[in-house]
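Student: Structure for the following, please:
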Amino acid sequence: PTTLPAPDIDWARYPSFQFLKHADLAGNACPSLHAAFAVFTALWFERVLPSLGGGRAARALNLLWGALIVFSTLATRQHVALDTLFGCVLGAWIASLNFIVTPCRSSFSATPRPLFLAVAVIKLGALLLWLSGLPLLPCLTLFLSGGALVLWHIFHPNAQGILRLRTRFKTVRLEAWLTIDDGPDPDDTPRLLDLLEQHHARATFFLVGERAARHPALVAEIARRGHEIAHHTQRHPSAGLWFFPPSRLAAELDDAFAPLTPPASLPPSRFRAPMGIKNIFLARALASRGLTCVGWNIRSLDSFANDPARVAARVLSRLRPGAIILMHEGAFLHPAVRVAAIKLVLEGASAQGYRFIIPAATDLI
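Tutor: Residues are numbered from 1 along each chain as shown. Got it, this is the predicted structure:
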């Protein structure tokens with residue numbers, strides 16, 4: 001139904017409601033911002049309610065309330081169906097774009113459900129618009145854009161719609177966090193440990209499980225020198241992690257724990273996905289294993305460089321208190337960049353008065 005029987009009410013007796021009834025007398029605007037705001041707000045509340053203590057009943061009531069607001073725009077003939085459908089798609093689209101970068105100080109539950117709900121609204125709206133008589137091409141474009149939004153959240157390193165990423169940390173001092181991916185490496189790791197000790201710096205080594213299994217002495221030495229060992233999957237499947245089923249994703253996580261846990265040490269508590277590429281099942285998998293996903297806000301691009309000075313200049317020009325720096329070790333780096341780029345970053349940052357620390361879990365944002 002697109003209308004309800006008009007109630008026999010003298011609205012002049014209720015001036016507040018009369019104002020609302022006359023607020024849209026200009027006609028049926030397309031898209032309906034009434035519907036757009038309802039969908040946008042419902043999706044955002046779906047995201048924040050768990051962190052506020054809201055359970056399933058609260059989330060279900062929130063979604064039902066949003067749906068009733070959308071329905072009311074049709075039932076009261078405030079907007080025609082096309083306006084309302086376009087409004088729903090607009091609200092879902094804008095919510096999805098907002099999910100790309102979550103406000104850093106907000107703590108949201110690690111679930112992709114709000115993003116998937118937004119995509120479902122977009123796809124359903126596109127289908128209904130086509131059934132309403134709109135041309136196929138724009139409706140198909142809208143339909144496919146929902147899938148494109150999911151892919152964006154999967155492949156963009158700092159997109160927050162799939163899971164909660166930590167991309168900086170709280171500090172009032174000149175402090176930064178140096179993270180080194182893809183080790184351990186028998187050539188680079190010993191030199192890096194000596195270099196860090198010379199500069200009284202601490203770093204987090206995101207190690208690959210199968211490489212750690214080949215060099216257990218290096219893993220133990222990293223821990224002995226006071227640095228943090230973190231999880232970077234078992235085999236570094238940068239090309240395929242995003243479409244792994246839950247069982248294979250579990251193997252990538254679980255197989256790495258033993259090699260990354262040297263004697264008398266705790267298992268790693270921090271994780272970084274290869275190249276920052278995520279998986280739709282990753283949030284729940286990490287949460288069940290007590291792993292926090294760490295991103296970065298300074299990407300050195302040392303993997304693509306052949307000049308260590310340019311790498312260091314890129315990092316130092318972006319250096320701010322609370323920064324998380326992404327750098328690498330290993331044979332895949334250009335020979336001129338290996339270790340040398342990190343050396344220049346340590347020297348340049350020290351000259352600016354920066355210290356490299358390992359932040360506490362409570363300081364990550």
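Student: avg pLDDT for stretch 160-169?
Tutor: The average pLDDT within stretch 160-169 is 90.
Student: end to end, how far does it reach?
Tutor: Terminal residues of stretch 160-169 are spaced 16 Å apart (C-alpha to C-alpha, to the nearest Å).
Student: How far off centre is it?
Tutor: Its chain's average C-alpha position is 4 Å from that of stretch 160-169, according to C-alpha atoms, centre = their mean, to the nearest Å.
Student: mind listing the helices for the chain?
Tutor: Taking DSSP state H as the criterion, the chain carries its helices at 15-21, 33-48, 56-75, 81-100, 113-131, 136-155, 188-198, 209-214, 216-224, 246-257, 282-288, 308-318, 340-351.
Student: The last one versus helix 308-318: what angle between them?
Tutor: This means helix 340-351. 40 degrees (axes from the mean of the first three to the mean of the last three C-alpha atoms, to 10 degrees).
Student: Now helix 340-351: buried residues?
Tutor: For helix 340-351, a neighbour-count test (16 or more other C-beta atoms under 10 Å) marks A340, A341, I342, K343, L344, V345, L346, G348, A349 as buried. (C-beta placed from N, C-alpha, C; glycine too.)
Student: swap in stretch 179-191?
Tutor: Neighbour-count burial for stretch 179-191 flags T179, I180, D181, D182, G183, P184, D185, D188, T189, P190, R191 (criterion: 16+ other C-beta under 10 Å).
Student: What is the nearest of those to L142?
Tutor: For the buried residues of stretch 179-191, the residue nearest L142 by C-beta to C-beta is D181; the value is 37.9 Å.
Student: quick one: the closest one and H232 touch, right?
Tutor: Yes - here D181 reaches H232: they are 5.9 Å apart, a contact under C-beta atoms under 8 Å.
Student: what's the overlap in contacts for those two?
Tutor: F206, R272 (C-beta atoms under 8 Å, 6 or more residues apart in numbering).
Student: pLDDT below threshold where in this protein?
Tutor: By pLDDT under 70, the weakly predicted segments of the chain are 1-5, 18-28, 101-110.
Student: Closest to the centroid, which residue in it?
Tutor: Centroid check for the chain by C-alpha atoms, centre = their mean gives Q160 as the closest residue, at 2.2 Å.
Student: got the helices of the chain as TSV, with distance to P263 columns?
Tutor: Formatted as TSV, the helices of the chain follow (distance: least, C-beta to C-beta, whole Å):
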stretch	distance to P263
helix 15-21	69
helix 33-48	41
helix 56-75	43
helix 81-100	42
helix 113-131	40
helix 136-155	37
helix 188-198	18
helix 209-214	13
helix 216-224	7
helix 246-257	14
helix 282-288	25
helix 308-318	34
helix 340-351	27
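Student: out of those helices, nearest to L266?
Tutor: Each of those was scored for nearness to L266 using C-beta to C-beta, and the closest is helix 216-224 (9.7 Å).
Student: ok, back up a step: looking at the helices of the chain, which is nearest to L326?
Tutor: That would be helix 308-318 among the helices of the chain, by C-beta to C-beta, at 9.2 Å.
Student: Any idea how far that closest one is from the middle of the chain?
Tutor: Chain-centre distance of helix 308-318: 25 Å, with C-alpha atoms, centre = their mean.
Student: what sits up against it?
Tutor: Applying C-beta under 8 Å, 6+ apart, the contact partners of helix 308-318 are 297-298, 300-302, 305, 325, 327, 336-337, 340-341, 343-345, 348-349, 352.
Student: could the buried residues of helix 340-351 be laid out in CSV, adding distance to A57?
Tutor: Below are those laid out as CSV (distance: C-beta to C-beta, whole Å):
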residue, distance to A57
A340, 58
A341, 53
I342, 51
K343, 57
L344, 56
V345, 51
L346, 53
G348, 54
A349, 50
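Student: Quickly note the distance from the nearest residue to D255 once chain neighbours are set aside to E210.
Tutor: For D255, ignoring the flanking residues on the chain, the nearest one in space by C-beta to C-beta, 6 or more residues apart in numbering is Q234 at 4.2 Å. Distance, Q234 to E210, by C-beta to C-beta, to the nearest Å: 6 Å.
Student: Now list whatever residues contact both of those two.
Tutor: A256.
Student: Those two: who's more crowded?
Tutor: Q234 (21 against 14; other C-beta atoms under 10 Å).
Student: contacting residues around that one?
Tutor: Residues near Q234 by C-beta under 8 Å, 6+ apart: V208, G209, E210, A251, E252, L253, D255, A256.
Student: again with G66
Tutor: So G66 contacts A38, V39, T41, A42 (C-beta under 8 Å, 6+ apart).
Student: Excluding chain neighbours, give the residue nearest to R299 in space.
Tutor: Once flanking residues are discounted, R299 sits nearest to L326: 5.0 Å by C-beta to C-beta, 6+ apart.
Student: ok, how many other residues are close to the one you found?
Tutor: For L326, using other C-beta under 10 Å, the count is 23.
Student: shouldn't it be in contact with M275?
Tutor: No - here L326 lies out of contact with M275, judged by C-beta under 8 Å, at a distance of 10.2 Å.
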